[in-house]
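Undergrad: Okay, sequence plus prediction incoming.
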Amino acid sequence: MNFEKVFAFLLENFEKHNIRYALMGGFALHAAGYTRATQDIDVLILKEDMPKIKKFLLSIGYELMHESEDISNFRGPLKDLGQIDFLHAHRQYTKNMLKRAKECAILNDKFTVKVLVPEDIIGLKVQASSNDTNRHTQDLADIEKLLTLHKDQLNIKLLKEYFALFGREKELEEILKRIKHA
């Protein structure tokens, strides 16, 4: 995937159509100081902006692979254009994530983009690993790495709230104890 080409196109259209967004997934992890390979671009957007995004992506040949109330997945017509996944912010938690997003430089400072803060990246990983047990091991490793990297700056109250939503409070306590003694 030609990330530079796709980001240039996305950012131009996000600005043109006044779309609020925040990167999540692999690029958000990288912006938070933890590099892990990624094959796609994952973006949080307001649900009401999805029709505009759908229109401009379909107009250049992207294929809509899946669409639901919560997500939309698109695949480019060429390998260079890759896959773009959108999470639709329509609940208060995800809308607040968009509000907290911070600007960060990505791709060797070629682009400045909005990126989820570490707490919100963790919150989405807690949700994803709770909903799909096949993701649990990798997401837990990502969560622990983010907690270790940012332990002195994190909003622990918000993290406890995310873990409590899925009945995983003890898991957070265990991780925090481990990183405190590391």
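TA: Perfect, I can see it now. Numbering: from 1, shown residues only.

Undergrad: Low-confidence stretches in this protein?
TA: 182 (pLDDT under 70).

Undergrad: Strands of that one, start to end?
TA: 21-24, 40-46, 63-67, 71-75, 83-89, 102-106, 111-115 (DSSP state E).

Undergrad: Can you name every helix or strand that the first one contacts?
TA: What it means is strand 21-24. Other helices and strands packing on strand 21-24, by 3 or more Cβ pairs under 8 Å, 6 or more residues apart in numbering; DSSP states H and E, are strand 40-46, helix 92-100, strand 111-115, helix 118-131. In this view, the C-beta of every residue, glycine as well, is placed from N, C-alpha and C.

Undergrad: For the ones you listed, give me JSON lines that also has distance to E144.
TA: Output for those, formatted as JSON lines (distance: least, Cβ to Cβ, whole Å):
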{"stretch": "strand 40-46", "distance to E144": "20"}
{"stretch": "helix 92-100", "distance to E144": "20"}
{"stretch": "strand 111-115", "distance to E144": "20"}
{"stretch": "helix 118-131", "distance to E144": "10"}
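
Undergrad: Could you dump these into TSV and include mean neighbour count and distance to H150?
TA: As requested, these are exported to TSV (neighbours: other Cβ atoms under 10 Å; distance: least, Cβ to Cβ, whole Å):
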stretch	mean neighbour count	distance to H150
strand 40-46	21	19
helix 92-100	15	14
strand 111-115	19	13
helix 118-131	21	5
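
Undergrad: which residues sit in contact with E144?
TA: I175, R178, I179 (Cβ atoms under 8 Å, 6 or more residues apart in numbering).

Undergrad: can you redo the residues you listed as JSON lines with neighbour count and distance to N134?
TA: Listed next are those as JSON lines, based on neighbours: other Cβ atoms under 10 Å; distance: Cβ to Cβ, whole Å:
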{"residue": "I175", "neighbour count": "19", "distance to N134": "20"}
{"residue": "R178", "neighbour count": "12", "distance to N134": "23"}
{"residue": "I179", "neighbour count": "14", "distance to N134": "25"}
